[in-house]
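Engineer: coords please:
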Amino acid sequence: MAAAAASSPPPAAITCRAAVAWGPGQPLVMEEVEVAPPGPMEIRVKVVSTSVCRSDVSAWQSKAQPDLFPRIFGHEASGIVESVGEGVTEFQVGDHVLTVFIGECKSCKHCVSGKSNMCQKLGLERRGVMHSDQRTRFSVKGKPVYHYCAVSSFSEYTVVHSGCAVKVDPTVPMDRVCLLSCGVSAGLGAAWNVANVSKGSSVVIFGLGTVGLSVAQGAKLRGASKIIGVDTNPEKAEKGKDFGVTDFINPDELSEPVQQVIKRMTDGGADYSFECVGDTGIVSTALQSCSDGWGLTVTLGVPKAKPEVSAHYAFLLSGRTLKGSLFGGWRPKSDLPSLVDKYADKEIQVDGLVTHDLSFNDINKALELMLENKCLRCVIHMPQ
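Structural biologist: Okay, the predicted model is just below:
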């Protein structure tokens, strides 16, 4: 067998369909793209399912990096390993995997610290290229096409670093477990790892999208006694109940600042508050909504504008804490398998967050649904 494997020809470039963004906010165009073979320590993945995350939409609309077009977005995905590059021993052809937008090299300062998931070698990629050689693996008629978060799952095939993929049990449904590669894990981890929500505590969550509802689920599983959901969409009130929200507030229906209402409901402020909208103005509101002395505010949202956070120093002087959270603090390769097991054992809820299932051809409809706030997660099913 070893001799046969050694004599196998190296992977060649392949062509497939991908939804390419040619400019900020422009409708995605189905193109025949060439996907290069995986380089050293890389794998090429046949995408099975990919869900549309809010950050995909924000980055697609953003004009901050106009040079990074044409581009293939998508990062929350599941797939099957089609080929492996030189040096890859962890994966074999046919393995089922989740792609992840931050990797884990297991050797850098952060990975060995046990305190962080901010891998120095495979961290969040912002330049539209691969970590290893700063080049792309996609092209259309010889023209390079940029990546997104070094994943680019809006393509029938993609290439990712082996440190940015996690092997999963082939029996779990790939069209649901893909949500664990970003949104659901980010919310659960913010509640469990970053905030470490305690039993009997009070929690307020700003924004009841996929991430916010997952925070609520995490808080409920930790035994929080009061979980307040804040959202301007009244339809989120009922959905929130399914994930543990005990009280719902629509700020548009209030005649006073929402933080004042929350303080009354929680005897002076919540023990934990979570900003899941992607609005730095709400970070300040969340900070004001938590308790003096020990209140903890965690910000998870990616701001679409005004990235600077401002808050009166008195809120920090009084003992409040503001923390950031990326991917819920999970180390992808070390921690994600246990979350997949929890899903398989029905200990955590994922399926209820999928509001739409669409074919790859309808990917622009998925983007429209997100823009119109008419869906939580829309799963795109690739042709098989």
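Engineer: Point to the helix or strand of this structure where mean pLDDT is at its lowest.
Structural biologist: helix 2-6 (a mean of 45; mean pLDDT, DSSP states H and E).
Engineer: moving C-terminal of that one, what's the next helix or strand?
Structural biologist: Remark: after helix 2-6, the chain's next helix or strand is strand 14-20, criterion DSSP states H and E.
Engineer: helices or strands up against that following strand?
Structural biologist: Other elements packing on strand 14-20 under the criterion 3 or more Cβ pairs under 8 Å, 6 or more residues apart in numbering; DSSP states H and E are strand 29-35. No exception for glycine: its C-beta is placed from N, CA and C like everyone else's.
Engineer: Please identify the buried residues of the strand it packs on?
Structural biologist: Glu31, Val33, Glu34, Val35 (16 or more other Cβ atoms under 10 Å).
Engineer: Tabulate those (a markdown table), appending pLDDT.
Structural biologist: As requested, the buried residues of strand 29-35 are exported to a markdown table (pLDDT from 0 to 100):
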| residue | pLDDT |
| --- | --- |
| Glu31 | 98 |
| Val33 | 98 |
| Glu34 | 98 |
| Val35 | 98 |
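Engineer: any chance of these in TSV, with distance to Asp133 too?
Structural biologist: Below are the buried residues of strand 29-35 laid out as TSV (distance: Cβ to Cβ, whole Å):
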residue	distance to Asp133
Glu31	23
Val33	19
Glu34	17
Val35	16
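Engineer: how about the residue most central in space within the chain, what does it touch?
Structural biologist: The chain has Cys182 as the residue nearest its centroid, 2.6 Å off, counting by Cα atoms, centre = their mean. Counting by Cβ atoms under 8 Å, 6 or more residues apart in numbering, Cys182 makes contact with Ser51, Cys53, Ser55, His75, Glu76, Val100, Phe101, Phe327.
Engineer: how many other residues sit next to Glu235?
Structural biologist: Each residue near Glu235 was counted by other Cβ atoms under 10 Å, and the total is 11.
Engineer: let me fix that: Thr232
Structural biologist: Thr232 has 14 nearby residues by other Cβ under 10 Å.
Engineer: Just the pLDDT at Cys149, thanks.
Structural biologist: With respect to pLDDT, Cys149 scores 96.
Engineer: which residue ranges form the strands in the stretch 1-150 of the chain?
Structural biologist: 14-20, 29-35, 42-51, 76-84, 96-99, 138-140, 143-145 (DSSP state E, counting those that start in this stretch).
Engineer: Return the most buried member of those.
Structural biologist: strand 42-51 (a mean of 27; mean count of other Cβ atoms under 10 Å).
Engineer: quick one: strands adjacent to that one?
Structural biologist: Next to strand 42-51 in the sheet, as set by DSSP bridges, lie strand 76-84 (antiparallel), strand 157-161 (antiparallel), strand 377-381 (antiparallel).
Engineer: Go through the ones you listed and name the closest to Val203.
Structural biologist: Taking Cβ to Cβ, strand 377-381 is the member of those nearest to Val203, at 22.0 Å.
Engineer: Taking strand 14-20 as reference, get the angle to that closest one.
Structural biologist: Angle, strand 377-381 to strand 14-20, by axes from the mean of the first three to the mean of the last three Cα atoms, to 10 degrees: 150 degrees.
Engineer: Report the buried residues of strand 377-381.
Structural biologist: Within strand 377-381, the residues that count as buried by 16+ other Cβ under 10 Å are Arg377, Cys378, Val379, Ile380, His381.
Engineer: Could you look up the SS state of Thr285?
Structural biologist: Under DSSP: H, G, I helix; E, B strand; the rest coil, Thr285 falls in the helix class.
Engineer: And it, what's its pLDDT?
Structural biologist: 96.
Engineer: And Ile205, by the same measure?
Structural biologist: Predicted confidence (pLDDT) for Ile205: 98.
Engineer: Equivalent analysis for the one 10 residues further on, please.
Structural biologist: At Val215, the pLDDT value in this model is 98.
Engineer: show me where the stretch 101-250 of the chain has helices.
Structural biologist: Applying DSSP state H, counting those that start in this stretch to the stretch 101-250 of the chain gives helices spanning 109-113, 174-177, 183-189, 210-221, 236-242.
Engineer: Might you report the residue contacts of Pro170?
Structural biologist: Here Pro170 is in contact with His96 (criterion: Cβ under 8 Å, 6+ apart).
Engineer: quick revisit: just the contacts of Cys182 now: which is nearest Leu254?
Structural biologist: For the contacts of Cys182, the nearest to Leu254 is Ser55 (28.6 Å; Cβ to Cβ).
Engineer: For that closest one, give its distance to Val151.
Structural biologist: 11 Å (Cβ to Cβ, to the nearest Å).
Engineer: Which stretches in the stretch 151-300 of the chain count as strands?
Structural biologist: 157-161, 165-167, 202-206, 226-230, 247-249, 272-275, 296-299.
Engineer: Pick the most buried one from these.
Structural biologist: Ranked by mean neighbours (mean count of other Cβ under 10 Å), those are led by strand 272-275, with a mean of 32.
Engineer: Parallel or antiparallel, which strands does it pair with?
Structural biologist: strand 202-206 (parallel), strand 296-299 (parallel).
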